[in-house]
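> Give me coordinates for this.
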Amino acid sequence: MLENLPTTEVLGFMSSEAFLHSWGDGATVQDSVTVKRTDTDYPQLREHIRQHGIRTPVLIEVTDSGYRRLLEGHHRIAAAVDLGIETIPVTTDEHLYRHIDEMSWLLLSRDGLADDALEPLKAEAAAGLAVGLHDATGWPLIEVGSSQGRGLHYMVRHPSGQLMDVEGPHKEQHVAIDFDYYADSSVTFTEAHREEVLVRYREEFDEPVPMALMPAVATAVLRRYGMARDSSQAAA
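This next block holds a predicted model:
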C-alpha cells in the first residue's frame, strides 16, 4: 500500500531511532528533525528533493498497540519540513519500499513522470499502465495482438476512439502499422478483461513497475497529455 499523508501527521509518528539517540520513550519523528539537519549529506538531499520532490516513500510499521513508527525516511521528512512540502508518500510494505528504492527509473518527479520511466512503460510495463489508465478513467482495456493469438501490447480506448498508452493517443491504423512487423500476421484490437491482463502482468512480465504505483503513474500520464482522470474529451 502506498499513500500520501500530511507532513504534520507524519511528524507525529513514533521514531525507530529514539533508543539510538537516547530521545526517550515516546519520542516522535518531530524530535529527529533537528538532528537530521546536521548530517553531512543532508544539504545535498534537501536540494535534490527541492528539484524533484520526494521520489521514494518513507517506510513505517504499525505496532501491536496500533502506533505508527517510522523505520526509514527521517532525512526526507526533515527536508519536507524545510521545503514546505505538505504531503509525504508513505508505505508499510517493506518489499515495495525496497523495490522502489532500488529502481529509481520508475519514480515520479514533482512535475510528472521522470524521463527514464518512459522506456519501461512503453514495453514491459505497458500492461500494468493500461490497467492503471483503465482504473483511473473507466476507458476499455485493449489488447493489441495478432490474428495468431499473440498479445503484443496493451492500451486503453479513449472516448474519441483513439488508443492511448504512455506515448499518448494514437489512431488505430497507426498502431496497426507500428505492430505489423511484430505480429507476423494481421494486427488485431480486442477488448481485454482487467483481471486477465493483471495476471499476465504479474506472472509473465513479473510486474516490473509495482501496481501500487500505477494510480500515480496513470495520473501523471493523463496530466502529461492534458487529460483529467475522468476525461471524456476527444483526444487531440
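> all strands in the chain, in order from the N-terminus.
2-6, 14-15, 58-62, 68-72, 87-91, 108-109, 112-113, 141-146, 151-157, 163-165, 168-170, 187-191 (DSSP state E).
> so what does the last one touch, helix or strand wise?
On a contact count with 3 or more Cβ pairs under 8 Å, 6 or more residues apart in numbering; DSSP states H and E, strand 187-191 meets strand 141-146, helix 172-183. For the C-beta atoms, the positions are set from N, CA and C on the backbone; glycine is no exception.
> hang on, the earlier thing: rank the strands of the chain by pLDDT, which is bottom?
Comparing mean pLDDT across the strands of the chain, the lowest value falls on strand 108-109: a mean of 58.
> now the closest residue to Tyr67 other than its chain neighbours: how far from Trp139?
Distances taken as Cβ to Cβ, 6 or more residues apart in numbering put Met14 closest to Tyr67, at 5.3 Å, once the chain neighbours are dropped. In this structure, Met14 and Trp139 are 43 Å apart, going by Cβ to Cβ, to the nearest Å.
> Let me know how buried Ala123 is, in neighbour terms.
Counted by other Cβ atoms under 10 Å, the residues lying close to Ala123 total 13.
> Contacts only, for it.
Residues in contact with Ala123, defined by Cβ atoms under 8 Å, 6 or more residues apart in numbering, are absent; none qualify.
> Please enumerate the helices of the protein.
Taking DSSP state H as the test, the helices found in the chain are 7-10, 33-36, 42-52, 74-83, 94-102, 118-122, 126-137, 172-183, 194-203, 214-224.
> for those, which one ends up most surrounded?
Highest mean neighbour count of those: helix 126-137, a mean of 24 (counted as mean count of other Cβ atoms under 10 Å).
> Could you tell me the angle between that helix and strand 141-146?
Angle of helix 126-137 versus strand 141-146, following axes from the mean of the first three to the mean of the last three Cα atoms, to 10 degrees, is 150 degrees.
> picking that back up, out of the helices of the chain, flag the one nearest Ile60.
Among the helices of the chain, the nearest to Ile60 by Cβ to Cβ is helix 7-10 (8.2 Å).
> For that closest one, give me every contacting residue.
By Cβ under 8 Å, 6+ apart, the residues outside helix 7-10 that reach it are 29, 58, 70, 77, 80-81, 85-88, 90.
> Can you select the buried ones from those residues in ChimeraX?
The following ChimeraX selection, which keeps only the buried ones among the contacts of helix 7-10, applies the criterion 16 or more other Cβ atoms under 10 Å:
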select :29,58,70,77,80,81,85,88,90
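> Now Glu17: closest residue in space, sequence neighbours ignored.
Counting by Cβ to Cβ, 6+ apart, Glu17 lies nearest to Ser32, which is 6.0 Å off, once chain neighbours are set aside.
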